Each structure stands twice: as structure tokens, then as C-alpha cells.
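>>> Next one to model:
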Amino acid sequence: MLTVGLDIGSTTVKAAVAEGAKVVWQDYKRHNTKQAEMVLEFLQRMQAECGLTPGRDRIFVTGSGAGSTTFAAARRRFGAAAGCFCLRLSRSQRARINDTCSSLSGVK
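Model prediction:
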């Protein structure tokens, strides 16, 4: 099973795919106000490059765009059975998680 962390921010989308404790894919891009398009691009790339499989793998979504139509687009593309979970975190909690992820992956 793959675990995806997807941070949909106001200016960027960051994502990492882990298989067990190993990060097997990661990316970070500015979305230029096209959150949904960038999220779908990331999910399609994860599917093609890592074998992300709806119904088997889990996707955890956070950030300012997590509760928006962007998240709905991801659920439509990969289905509710894809295991998409929206995490509502405070700004300070997101900052701590981002700092931890950055230090682990080397991606800021």
C-alpha cells in the first residue's frame, strides 16, 4: 500500500508518496491559481510513475485548498474508495509538519 501526503496551498502543491517508511516520489510546484489542475497532474503522475491505485492506496490532503473543489476533483478522479482523507490542521501544525517533511526529504 502506498501513502500519499498532498499539501494544496494558496500558491503551491507539494506531495510525497511513501511505501512503508521509504519516500518513493515527491514533487513541489507553483500552481499559478490552477489548484485542481495541478492536483490532478500530480495524481496522474503518481499513478503512472508509482502505481498509485484507487481502492488500495491512501491519500491524505491538507492545506488551504484541501477542503475546496480541488479536493472534490481528486475524489472524483480517484473515487471515494481511493481513501482520500482531508486533514484540518492549524497553521502552526502545518508549519511543524512542513518543517519535518522538509528536513526528511530535503524539499522546502
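>>> Can you give me the distance of Lys29 to Gly20?
26 Å (Cβ to Cβ, to the nearest Å). No exception for glycine: its C-beta is placed from N, CA and C like everyone else's.
>>> Neighbour count: the two, which is higher?
Using other Cβ atoms under 10 Å, the more surrounded residue of Lys29 and Gly20 is Lys29, with 12 against 9.
>>> after the strand or helix carrying that one comes which helix or strand?
Using DSSP states H and E, Lys29 falls within strand 22-30. The C-terminal neighbour of strand 22-30 among helices and strands, as given by DSSP H and E, is helix 35-50.
>>> And the next helix or strand past that next one?
Next helix or strand after helix 35-50 toward the C-terminus (DSSP H and E): strand 58-62.
>>> orientation of that following strand relative to helix 35-50 in degrees?
In terms of direction (axes from the mean of the first three to the mean of the last three Cα atoms, to 10 degrees), strand 58-62 departs from helix 35-50 by 150 degrees.
>>> Any buried residues in strand 58-62, and which?
The neighbour-count check on strand 58-62 (16 or more other Cβ atoms under 10 Å) flags 59, 61-62 as buried.
>>> Same question for stretch 35-51.
35-36, 38-40, 42-43, 46, 50.
>>> now, among those, which is nearest to Met1?
Cys50 (11.7 Å; Cβ to Cβ).
>>> Could you pull up the contacting residues of the closest one?
2, 17, 19, 24-25 (Cβ atoms under 8 Å, 6 or more residues apart in numbering).
>>> next one: Met1
19, 56-58.
>>> at 7 Å what do you get?
By Cβ atoms under 7 Å, 6 or more residues apart in numbering, the contact set of Met1 is 56-58.
>>> Looking at those residues, spot the one nearest Asp7.
Relative to Asp7, the closest of the contacts of Met1 is Arg58; by Cβ to Cβ it sits at 15.3 Å.
>>> Go ahead and confirm the closest one touches Thr3.
Yes - under the criterion of Cβ atoms under 7 Å, Arg58 makes contact with Thr3 at 5.2 Å.
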